[in-house]
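> Sharing a model that was predicted from the sequence below.
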Amino acid sequence: MILKMFQVDAFSESVFGGNPAAVLLLEDWLPDQLMQSIANENNLAETAFVKPSADHWALRWFTPTVEVNFCGHATLATAHILITEYDVPSPLRFSTRVGDLKVQALENEYLLDLPCIEPQYPTQLPDSIAPLFRDSAVSHFKNFENVFIQLASERDVRSYQPDLNTLAQLGEIGVVITAAGETYDFVSRYFAPGAGIPEDPVTGSIHATLVPYWAERLGKTRLSAFQASPRGGILQCELQEHRVLIKGKAATFMKAEVYLPD
């Protein structure tokens, strides 16, 4: 079996920036283990598999080690490929584990429409990682898949040296560090070593919770964000009732053929 695969740098106007994702358009799902093996072979933060479903698209995402519930950058990458390579008209609607996600093509970028996932405020951090942030956490919160920790400054976020072995004790739960920004409204970084992602370059999904968090603290609904990974990425965000809108660009890096065993 031969499949066509694309690699896209999402949240970047050119290749070698943003967050790379692989995209495969299928007629129907492959066996789960085979999709997991393809993602493991790619060794990217996410490989997206998409197939037509009535009047919309069904979308799934895999890291090198697990299938994930929510991924923004690979959704953007998938929309970019469907629009630019397969002439699918915008806007696109994707059915996923977290509900419907939408992507609209604008003049020279895309508008990603995500559910707003409100922050929850537990009384304490998970025991396994609490010692790492005992002296640095200003506040902390969580959602269904990540723990978020606010640090005192953008400098603290940028200079943070993660203890990946300790963070991996959370399993598939990721850790986001964030702070108010100097040039941007807020900055962040994201680590999920237990899910096969030591540090994600630019993560759309975490902004579904970061945006309502910072919107409340800064008193504004339109926010500029920067994910301060080594590759880095700028996200223009807006909070609208129960949705979070994110503008971003995408660039195709590679087209390839995948040869699967019969």
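Perfect, thanks for sending it. This is a predicted model, so every value here is computed, not measured. Residues are numbered from 1 along each chain as shown.
> only C-alpha atoms for contact and neighbour calcs from this point on.
Will do.
> quick one, what contacts the residue positioned nearest the centre of the chain?
The centre of the chain sits closest to residue 203, judged by CA atoms, centre = their mean, with a distance of 3.1 Å. Residues touching residue 203, when contacts are defined by CA atoms under 8 Å, 6 or more residues apart in numbering, comprise 19, 71-73, 190, 227.
> buried ones in stretch 214-233?
Applying a neighbour-count criterion of 16 or more other CA atoms under 10 Å, one finds 214-215, 221-229, 232-233 buried in stretch 214-233.
> Among those, which ones are in helices?
Helix and strand membership here follows DSSP state H; of those, those in helices are 214-215.
> with the buried residues of stretch 214-233 in mind, which one is nearest to residue 88?
Distance to residue 88 across those (CA to CA) is lowest for residue 233, with 26.3 Å.
> Give the next helix or strand downstream of whichever helix in the chain runs longest.
Identified as the longest helix of the chain according to DSSP H is helix 73-86. Using DSSP states H and E, the helix or strand that directly follows helix 73-86 along the chain is strand 92-96.
> CA atoms of that next one as PDB?
Below are the C-alpha coordinates for strand 92-96, written out as PDB (Å, rounded to 0.1, in the frame of the first residue of the first chain):
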ATOM      1  CA  LEU A  92     -13.600  23.300   6.900                       C
ATOM      2  CA  ARG A  93     -15.200  21.500   9.800                       C
ATOM      3  CA  PHE A  94     -13.400  18.700  11.600                       C
ATOM      4  CA  SER A  95     -15.000  16.200  14.000                       C
ATOM      5  CA  THR A  96     -12.600  15.300  16.800                       C
END
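> Next, the angle from it to helix 73-86.
Going by axes from the mean of the first three to the mean of the last three CA atoms, to 10 degrees, strand 92-96 is angled at 140 degrees with respect to helix 73-86.
> Starting from strand 92-96, tell me which strands it pairs with and how they run.
Looking at strand 92-96 with DSSP bridges, its partner strands are strand 56-62 (parallel), strand 99-105 (antiparallel).
> Walk me through the domains of this protein.
With domains defined by automatic domain parsing, the chain comprises 2-113+247-259, 130-240.
> Nearest to residue 121, out of the ones you listed?
Go through these one by one with CA to CA and the one that ends up closest to residue 121 is domain 130-240, at 4.6 Å.
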